[in-house]
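# After the sequence you'll find the predicted model.
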Amino acid sequence: MIYTITLNPAIDRLIFLQEQLEKRKNNRAHKVLYDVGGKGTHASYAMSKLGVENLALGFAGVMNLAKFQQVLEDKEINHQFIATDGSTRESVILIDPENQGSTMITEPSFTVSAADKEKLFDYLAVNLTPQDLVLVAGSTPAGFDLVDLTELLLLIKTKGCFLACDLSSEALKLAIASGADFIKPNELELQELLVGEETVEEKLTEIAAQVAVVIASRGEQGSICYFEGKQYQVIAPHVEEVNDTGAGDCFVGSFLATFYQTGEIEQALMLASGCAASKVRYEDSCYFNLVEAQELKSKVRIKHQN
Ligand code: ATP
Ligand code: MG
Ligand code: MG
């Protein structure tokens, strides 16, 4: 079984404005759409769309729980979130007409309690088996500190699961130190790991000695994967970019789904690059088109570095 864990999910409310956003004015909207926010849920969406069974876990605020669950169900994401006091944060995205840009406002998260954390840890302790893959992705909410994240990652490792992490900054460092089996830092996340005069290449070589699958993603330039002592340079197909937010989440979900099922690294890299390239063609932060993804997959090129 594949599990994704989104500790700090969000509901994205996309508000399409009739005219350009202006202060001291009643800005009217002509359309409102809801989308799921949170990296693990985005990865779950990609996995489900590829027909790979998975379950999205995490915390969700009790005050708008029904709304959050509705958004997940609209996206056909199987879920089992632990209800916490407060609301799941809503991100308001104000979209100006004719692609003139957008303004995003993100609410603060709920605060998870010790009892909420126990519920999540107990669920994992009872249900995880060594055959499972667990993806921990995205930011952490208030009340969930680095010590809690350490406990979570070590619990997943102790159960013998494949631990995949899409995390940033200190949480990413912790993932590497906790024995993560997969990470996918983007360019900024990699820069944050560098110490002193160290280069990105040196850092990646060092991490690849500890983490089984390391993928450094570089937006439209594709990615570099380190696996079993080999390096794969993946060249992304060219597409007209509309919104690249969520490209990494789509890549992670489709990569892990394929890799978990087949163990074939190159197939997984190619399909993930095809799905993510399709994703960036759409405004939505997780939608991609399956037929288009297959066409784009056939345009992905992989160069072997050694
Ligand atoms: P996220 O917003 O989901 O966190 P990220 O910054 O982690 O994204 P990126 O490095 O931006 O991830 O993109 C991940 C992958 O998506 C890339 O390695 C590439 O395969 C694909 N991708 C991203 N942008 C483009 C693009 N403009 N054209 C084609 N493919 C793209
Ligand atoms: Mg990016
Ligand atoms: Mg990312």
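Cool, the structure landed. Ligands and ions are numbered 1, 2, ... in the order given.

# didn't N54 look like it was pressed against G40?
No. Contact between N54 and G40 fails when scored by Cβ atoms under 8 Å: they sit 9.8 Å apart. Quick note: C-beta positions are derived from backbone N, CA and C, even for glycine.

# shared neighbours of the two, which are they?
By Cβ atoms under 8 Å, 6 or more residues apart in numbering, N54 and G40 have these common neighbours: T4.

# ok, the residue lying closest to G246 once chain neighbours are set aside to ligand 1 distance?
Leaving aside its chain neighbours, G246 sits nearest to S285 (3.8 Å; criterion: Cβ to Cβ, 6 or more residues apart in numbering). Distance of S285 to ligand 1, given as Cβ to the nearest ligand atom, to the nearest Å: 8 Å.

# Return the residues of the stretch 101-250 of the chain in contact with ligand 2.
By Cβ under 5 Å from the ion, the residues of the stretch 101-250 of the chain that approach ligand 2 are 186, 219.

# Look at the closest residue to ligand 1 within the stretch 101-250 of the chain and give its secondary structure.
Closest residue of the stretch 101-250 of the chain to ligand 1, Cβ to the nearest ligand atom: G248 (2.3 Å). For G248, the assignment made with DSSP: H, G, I helix; E, B strand; the rest coil gives helix.

# quick one: pLDDT of it?
pLDDT for G248: 97.

# quick one, what contacts it?
The contact partners of G248, by Cβ under 8 Å, 6+ apart, come to 39, 166, 184, 186, 217, 276.

# still on that earlier bit, my guess is the residue nearest to G246 meets T245, correct?
Yes. Between S285 and T245 there is a contact under Cβ under 8 Å: 5.0 Å.

# Contacts (any at all) between ligand 1 and the helix-or-strand element of the chain with minimal mean pLDDT?
Least confident helix or strand of the chain, by mean pLDDT, DSSP states H and E, is strand 102-106 with a mean of 89. No. Using Cβ under 6 Å from any ligand atom, we find that strand 102-106 stays clear of ligand 1, coming within 12.6 Å at best.

# in that strand, what counts as buried?
For strand 102-106, burial by neighbour count (16 or more other Cβ atoms under 10 Å) applies to S102.

# again with stretch 235-253
Across stretch 235-253, burial judged by 16+ other Cβ under 10 Å covers 236-237, 239, 243, 245-253.

# swap in stretch 69-87?
So stretch 69-87, judged by 16+ other Cβ under 10 Å, has buried residues 71-72, 75, 77, 79, 81-82, 84, 86-87.

# Tell me which of those fall in strands.
Counted as lying in strands by DSSP state E, out of the buried residues of stretch 69-87, are 79, 81-82, 84.

# follow-up on the earlier one: so which other helices or strands are in contact with the least confident helix or strand of the chain?
With contacts taken as 3 or more Cβ pairs under 8 Å, 6 or more residues apart in numbering; DSSP states H and E, strand 102-106 sits against strand 89-95.

# could you redo the last one with a cut-off of 10 Å?
Packing partners of strand 102-106 (3 or more Cβ pairs under 10 Å, 6 or more residues apart in numbering; DSSP states H and E): strand 10-17, strand 89-95.

# Please name the spatially closest residue to the residue of the stretch 201-306 of the chain found nearest ligand 2 (chain neighbours excluded).
Distances between the stretch 201-306 of the chain and ligand 2 by Cβ to the ion are smallest at G219, namely 4.9 Å. The shortest distance from G219 to any non-neighbouring residue, by Cβ to Cβ, 6+ apart, is to D244 (6.3 Å).

# How many residues are close by S298?
9 (other Cβ atoms under 10 Å).

# wait, what's in contact with it?
Counting by Cβ atoms under 10 Å, 6 or more residues apart in numbering, S298 touches 237, 270, 274.

# This protein against ligand 1: which residues are in contact?
Counting by Cβ under 6 Å from any ligand atom, the chain sits next to ligand 1 at 186, 217-220, 222-223, 236, 239, 241, 244-249, 251, 273, 276-277, 280.

# returning to what we had before: now the residue nearest to G219: how far from E283?
Distance, D244 to E283, by Cβ to Cβ, to the nearest Å: 11 Å.

# Do you have the strands of the stretch 201-306 of the chain handy? List them.
Applying DSSP state E, counting those that start in this stretch to the stretch 201-306 of the chain gives strands spanning 213-217, 223-227, 230-235, 301-304.

# Check which helices and strands the second one sits against.
Based on contacts counted as 3+ Cβ pairs under 10 Å, 6+ apart, the elements that strand 223-227 packs against are helix 200-208, strand 213-217, strand 230-235, helix 247-262, helix 265-279.

# Low-confidence stretches in the stretch 1-150 of the chain?
Applying pLDDT under 70 to the stretch 1-150 of the chain flags the ranges 99.
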